[in-house]
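Colleague: give me the fold of what follows.
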Amino acid sequence: MGPVTTLDDLEPPWGDPPPDATGLMTTVYRLRRKPIRDFEVEDLRVLLGQQVSVEVLVPLALPLLEADPMAEGRYYPGDLLAAILMVREPYWRKHPDHLARLREVIRMARETGDVKPLRRQLEAFPQES
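Modeller: Here you go, the predicted model:
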């Protein structure tokens, strides 16, 4: 990555949001132009929750979750984990090493955190086979 690398630098740019874009989508468009090195937990939560740039962002989110499985963006402890749990199965099939790391994060979260807010996402996430 160069000195200022954004998601729009790494992937085809999205341009400006449509005039009728929701607040959330306006935020997503803005974040695609923010330098990746400046991303915070909340930025990753928003983008991963919308399934945007998953190939770029999961590798950035995993170390944060490994350091703190209950990393908190704007809403509640563990909201970044909740967002990454929504990443679709094809990504995890393509990146089994990332899946193994996420499963370890889930184990740590269950041991150390209050995972009640994540119950639905944890139940929906594919179990080990």
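
Colleague: now for the spatially most central residue of the chain: which residues touch it?
Modeller: Among the residues of the chain, the one closest to the centroid is Leu48, at 3.5 Å (CA atoms, centre = their mean). Leu48 makes contacts with 54, 57-58, 61, 80, 83-84, 86-87, as judged by CB atoms under 8 Å, 6 or more residues apart in numbering. C-beta here means a position set from N, CA and C on the backbone, and glycine is covered the same way.

Colleague: let's go with 6 Å and repeat that
Modeller: By CB atoms under 6 Å, 6 or more residues apart in numbering, the contact set of Leu48 is 57, 83-84.

Colleague: name the helix or strand for it, please.
Modeller: helix 41-49 (DSSP states H and E).

Colleague: average pLDDT for that helix?
Modeller: The pLDDT scores in helix 41-49 average 98.

Colleague: cool, and stretch 120-129?
Modeller: In this model, stretch 120-129 has a mean pLDDT of 77.

Colleague: just how off-centre is that stretch within its chain?
Modeller: 16 Å (CA atoms, centre = their mean, to the nearest Å).

Colleague: buried ones in it?
Modeller: Buried residues in stretch 120-129, counted by 16 or more other CB atoms under 10 Å: 121-122, 125.

Colleague: ok, the residue of the chain most remote from its centre - contacts?
Modeller: The C-alpha centroid of the chain is most remote from Pro19, which lies 26.1 Å away (CA atoms, centre = their mean). Listed by CB under 6 Å, 6+ apart, Pro19 has no contact partners.

Colleague: hang on, the earlier thing: from the contacts of Leu48, which is closest to Lys116?
Modeller: Ala83 (16.8 Å; CB to CB).

Colleague: what's the separation between that closest one and Glu55?
Modeller: 15 Å (CB to CB, to the nearest Å).

Colleague: which of these two has more neighbours?
Modeller: Per other CB atoms under 10 Å, whichever of Ala83 and Glu55 has more neighbours is Ala83, with 23 against 11.
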